[in-house]
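# Structural data only, the sequence is not supplied:
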């Protein structure tokens, strides 16, 4: 009986976690921190955790996100290519704005939530 309950909890978690994190190409809402990494700007989500996501971006998008460097940022982004586990290429940014960290809900301080899945080229 305990095994059945564990299996049910695991399946529910898998179903809800499917829309969290980097799950392929598509449009995502995000909250994270742009940082300099090896002479280029990257967007880091879930920084310092085992589920850290690093998204590289085109130079044109680097110019748009540069004013937010090292600051909590939120918005909508489009991932055009997945290059590895928890790694990808950010194709475009929209609805970019400053975000405030919430010390009472640290799990909501950074996220990547799938809005619309697309096929990777």
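Cool, got the structure. These figures come from a predicted structure and were not determined experimentally.
# So in the protein, where's the weakest helix or strand by average pLDDT?
When the helices and strands of the chain are scored by mean pLDDT, DSSP states H and E, helix 2-17 comes last with a mean of 43.
# Where do the strands of this protein begin and end?
For the chain, strands defined by DSSP state E occupy the ranges 26-37, 40-45, 53-57, 73-84, 87-98, 111-117.
# what's the most buried one of those?
Of all those, strand 53-57 has the most neighbours on average by mean count of other Cβ atoms under 10 Å, namely a mean of 22. For the C-beta atoms, the positions are set from N, CA and C on the backbone; glycine is no exception.
# quick one, what contacts the closest residue to residue 81 other than its chain neighbours?
Counting by Cβ to Cβ, 6 or more residues apart in numbering, residue 89 is the residue found nearest to residue 81 once chain neighbours are left out, at 4.3 Å. Applying Cβ atoms under 8 Å, 6 or more residues apart in numbering to residue 89 gives the contacts 55-58, 79-83.
# One more: residue 56?
Going by Cβ under 8 Å, 6+ apart, residue 56 touches 40, 42, 83, 87-90.
# let's see 7 Å
By Cβ atoms under 7 Å, 6 or more residues apart in numbering, the residues touching residue 56 are 40, 42, 89-90.
# cool, residue 101 as well?
72, 109.
# Which one of the contacts of residue 56 is nearest to residue 68?
In terms of Cβ to Cβ, no member of these lies closer to residue 68 than residue 42, at 12.4 Å.
# can you pull up the bridge partners for the closest residue to residue 43 other than its chain neighbours?
In space, residue 43 comes closest to residue 55 once its chain neighbours are excluded; the distance is 4.5 Å by Cβ to Cβ, 6+ apart. Judged by DSSP bridges, the bridge partners of residue 55 are residue 43, residue 88.
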